[in-house]
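**Q** Build me a structure from this.
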Amino acid sequence: MSTRTAAWLAWSTWALAVVLVAFGDVLNVLEPSTLDPNLQPYNVALRVQLALTILVVPTVGALVAARRPGNPIGWLLCAAALTDIVRGTGETYARYALITHPGSFPAGELAFQKDQGII
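**A** Below you'll find the predicted structure:
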């Protein structure tokens, strides 16, 4: 893999992580705080700090992977962070699609099953 391709892939992974974290935060804002005790009371500064903290790992992974494509640590950080972000966003998505506004999003039950380890 060329250095340019590796950098594109690493930063694309990072961009996907940013989009998923932002999407999860938007869904958390739209749902009542009674559904998730971690959101009571909803504090914007706390959510921003949490989102930035979550994005540290994929940022470091993208930096390492883009500059040293042969170093597996960068790719492992990107993959681990993206996996955790997808899980967290899937949980929020399922809660919103099944409880907050049932039927508003497709595949809410599928996201719930995957989050619970059923599939």
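**Q** what residue lies at the spatial centre of the chain?
**A** Taking CA atoms, centre = their mean, the centroid of the chain lies closest to residue 85, which sits 2.6 Å from it.
**Q** residues in contact with that residue?
**A** 17, 20-21, 24, 54, 58 (CB atoms under 8 Å, 6 or more residues apart in numbering). To be clear about C-beta, it is placed using only N, CA and C from the backbone, and glycine gets the same treatment.
**Q** Tell me the one of the residues you listed nearest residue 6?
**A** For the contacts of residue 85, the residue nearest residue 6 by CB to CB is residue 58; the value is 15.0 Å.
**Q** so what pLDDT did that closest one get?
**A** On the pLDDT scale, residue 58 is placed at 95.
**Q** wait, it sits on residue 78?
**A** Yes - in terms of CB atoms under 8 Å, residue 58 counts as a neighbour of residue 78; the distance is 5.7 Å.
**Q** what about this protein, any weak spots by pLDDT?
**A** 32-43, 101, 107-119 (pLDDT under 70).
**Q** can you pull out the helices in it?
**A** Taking DSSP state H as the test, the helices found in the chain are 3-30, 44-54, 56-67, 72-95, 108-115.
**Q** how about CSV for those, with distance to residue 102 added?
**A** As requested, the helices of the chain are exported to CSV (distance: least, CB to CB, whole Å):
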stretch, distance to residue 102
helix 3-30, 14
helix 44-54, 25
helix 56-67, 32
helix 72-95, 11
helix 108-115, 8
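**Q** picking that back up, now for the contacts of residue 85, which pair is the farthest apart?
**A** Pairwise distances across these peak at 13.9 Å for 24 and 58 (criterion: CB to CB).
**Q** Have a look at those two and say which one is more surrounded.
**A** Per other CB atoms under 10 Å, whichever of residue 24 and residue 58 has more neighbours is residue 58, with 28 against 22.
**Q** residues touching the more buried one, list them.
**A** Contact partners of residue 58, counting by CB under 8 Å, 6+ apart, are 13-14, 17-18, 77-78, 81-82, 85.
**Q** Now for residue 79, how many residues are close by?
**A** 15.
**Q** what comes up buried for stretch 56-69?
**A** By neighbour count on 16 or more other CB atoms under 10 Å, the buried set for stretch 56-69 is 57-66, 69.
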